[in-house]
Each structure stands twice: as structure tokens, then as C-alpha cells.
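Q: curious how this folds, go ahead:
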Amino acid sequence: MSGGLVALLDDVAAIAKVAASSIDDIGAAAAKAGSKAVGVVVDDTAVTPRYVTGFSPQRELPIIWRIARGSLKNKLLFILPAALLLSQFLPWAITPILMLGGAYLCYEGAEKLYEAVAGHHDEQSDQPAILSSEAHEEQMIAGAIRTDFILSAEIMAISLATVADQVFLLRTFILIVVAFGITLLVYGVVGLIVKMDDLGLRLANGASGAGQALGRGLVKGMPIFLSALSIIGTIAMLWVGGHIILDGLEKFGIGELAHALHDDAVAAGHAIPAAHGLVEWLVETLGSGAAGLLIGAPIVALMHVLSKKHKH
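A: Reported below is the predicted structural model:
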């Protein structure tokens, strides 16, 4: 009896060890998969704050919470099942779909760069919100969730490509962890960004000495920070989009560009041994960004031509 109990406990302990190891594997794989989508994450974080601009401070966090719930719904109820079915039954389609998403990122990055250079901007985003208008709030939340759907699809597709060789169940758990983790990260950071100016005002008005200086610094610095975040998001989209395209071409046997970029990065790293890792990463990143711009610019030009024809 006692021997059977000891054997049972040993089995339970072994199962627990396997489960703990699996959880560690899922966490590590989810972190790796999520890190591949960093460019889209930065852009998502940069884009979302504009959807709460003009609303009263009391409505900002509730609006962000509703957008976050919509984002999680996008990922878990729509994107995740489609991604899993695709990876299970049409795995060959992952690379071309990912490349299409990469081309979209290149287009978005190039479009934002064009708007910055040409001085164009979205006038609608500059319009202050009608604070008492529930319809306006609903409209902004719906728009944010629609935008998030595209970015979330890119995040999940990039993550899926990273774990496509895992078994179906493990792949599912990893993508669920990525969905929750990325959503928490993006909208947690967005919440902090949106409320930072309120914190600055409180410190500037209520604190003394160093606290007031910090508060004034936060109030003055947040617009600069948001502008910098938007620039970083644009660069990240071009970098990630270009990298996805180059990597996809290599998988289809057209790897000359990717190989040449890698060789140049290695050579540059060897030229500066003290910082070879950083230099190699910078060269590959800049090269991928340049490729992203070269891919995105013609798409932007084509879309503008089509838009003008449609207006006429």
C-alpha cells in the first residue's frame, strides 16, 4: 500500500516537473515570438494615444480599457483560430501571408514618412473631441479597435512564424500567452503615457521644489516624447517590414539580398571589434529599413495615384 502510494507520488512529481518545464518552455517561446514583433508593438503603442486625445481625464483610462478588451478579442476570437488553422492545414501559406503583412508595414512606414516630409497630416486627428458626446467616444473606440486588428494580425502572424515548428497544442498556448502579454504591455504603456501629463500637472501644482520642477518637465516633455515615439514607430515598421520581406524571399530561394546584407553587417562588425555585436545589428537594421522604404515607397506612390483617379 505504502509502496503504491510512494510510486503514485513519484509519478505526480514527475508530471509536475514536466508541466513546470513545459510552462517554462511556453514562456520562453512566447517571449521570443513576441520580441520578433517589436516593430509592430512600438507602432501600436505610438498610434493608440491619439484615440483618447481631447477627452476628459476621467474618460481616458476607461476608453483605453475598452480598446484593450477589443484588442484581446481581436487576437483570441478571430486572429488566433485563423492562424492556427492556417498553420495546421496550409503551413506553406504562412510565408507569403507574412510577406503581404510585411509589405503593408513598409507601406505604412513609407506613408508616414511621406506625410512628415510633405507636411500632410490627418486633420481629423487634430479635431478636439466633444467631451459629452457618447457617439464620438464609441466612434473613436471602434476606429482604434479596427486599427488594432491590422496591427494585432501582424503581431500574431510574426509570432506564429517563430513557433510554426512546435506541436499544435504548444503552438496554441504560446500564441495565447503572446496575445495576453502583448496586449497588457501595449495598453499598460499607453495608459501610463496618457496619464503622465496629468501626473505632471498634479506635481507642478501641488508639490514643492524638485517635485514642481519634475511636474513641469513631464508636462513639457510628453509632447516631445510622443513625437519621438511616433518616429521610432515609423522606423520600426520599415525595419520589421523590410526584414520580413527579405527573410521571405530567402525562403523562396531568392536570398542574395539577405545574404549580402548579412555579409556587410559581419564585415562592419569585424571592422569595429570593440562593438562588433552592436555594429552588426545596426547595419542589418538600417539595411532592412532601407529595403522597407524601397518596397513601401512605390506602394505609396501607387496608392496616391489610385486615390486621385478615384476622386476624379
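
Q: right, and the helix or strand after the one helix or strand in the chain whose mean pLDDT sits lowest?
A: Within the chain, no helix or strand scores below helix 123-126, which has a mean of 44 by mean pLDDT, DSSP states H and E. Following helix 123-126 in sequence order, the next helix or strand is helix 134-162 (DSSP states H and E).

Q: which residues in the stretch 151-300 of the chain form helices?
A: For the stretch 151-300 of the chain, the helices defined by DSSP state H, counting those that start in this stretch cover 168-206, 210-251, 256-271, 276-311.

Q: what is the last one packed up against?
A: Applying 3 or more CB pairs under 8 Å, 6 or more residues apart in numbering; DSSP states H and E, one finds that helix 276-311 makes contact with helix 94-118, helix 210-251, helix 256-271. Using the backbone N, CA and C atoms, a C-beta is placed for each residue, glycine as well.

Q: what angle separates it from helix 210-251?
A: 80 degrees (axes from the mean of the first three to the mean of the last three CA atoms, to 10 degrees).

Q: now do the shortest one
A: Using the same axes, to 10 degrees, the inter-axis angle of helix 256-271 relative to helix 210-251 is 130 degrees.

Q: so how far is helix 256-271 from its chain's centroid?
A: 27 Å (CA atoms, centre = their mean, to the nearest Å).

Q: low-confidence stretches in the stretch 201-312 of the chain?
A: 207-208, 311-312 (pLDDT under 70).

Q: re the thing from before, nearest to Glu108, out of the helices of the stretch 151-300 of the chain?
A: Nearest of the helices of the stretch 151-300 of the chain to Glu108, taken as CB to CB: helix 210-251 at 5.4 Å.

Q: packing partners of the closest one?
A: Partner elements for helix 210-251 (3+ CB pairs under 8 Å, 6+ apart): helix 38-47, helix 94-118, helix 168-206, helix 256-271, helix 276-311.

Q: buried sites along the longest one?
A: Spelled out, that is helix 168-206. 171-175, 177-179, 181-183, 186-187, 189-191, 193-194, 196-197, 200, 203-204 (16 or more other CB atoms under 10 Å).

Q: tell me who's in contact with the closest residue in space to Gly277 that isn't next to it in sequence.
A: Spatial nearest neighbour of Gly277, excluding adjacent residues (CB to CB, 6 or more residues apart in numbering): Gly269 at 6.9 Å. Residues in contact with Gly269 (CB atoms under 8 Å, 6 or more residues apart in numbering) are 276-277, 279-280, 283.

Q: rewinding a little: could you dump the helices of the stretch 151-300 of the chain into CSV with distance to Ala116 added?
A: Formatted as CSV, these follow (distance: least, CB to CB, whole Å):
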stretch, distance to Ala116
helix 168-206, 20
helix 210-251, 8
helix 256-271, 26
helix 276-311, 12
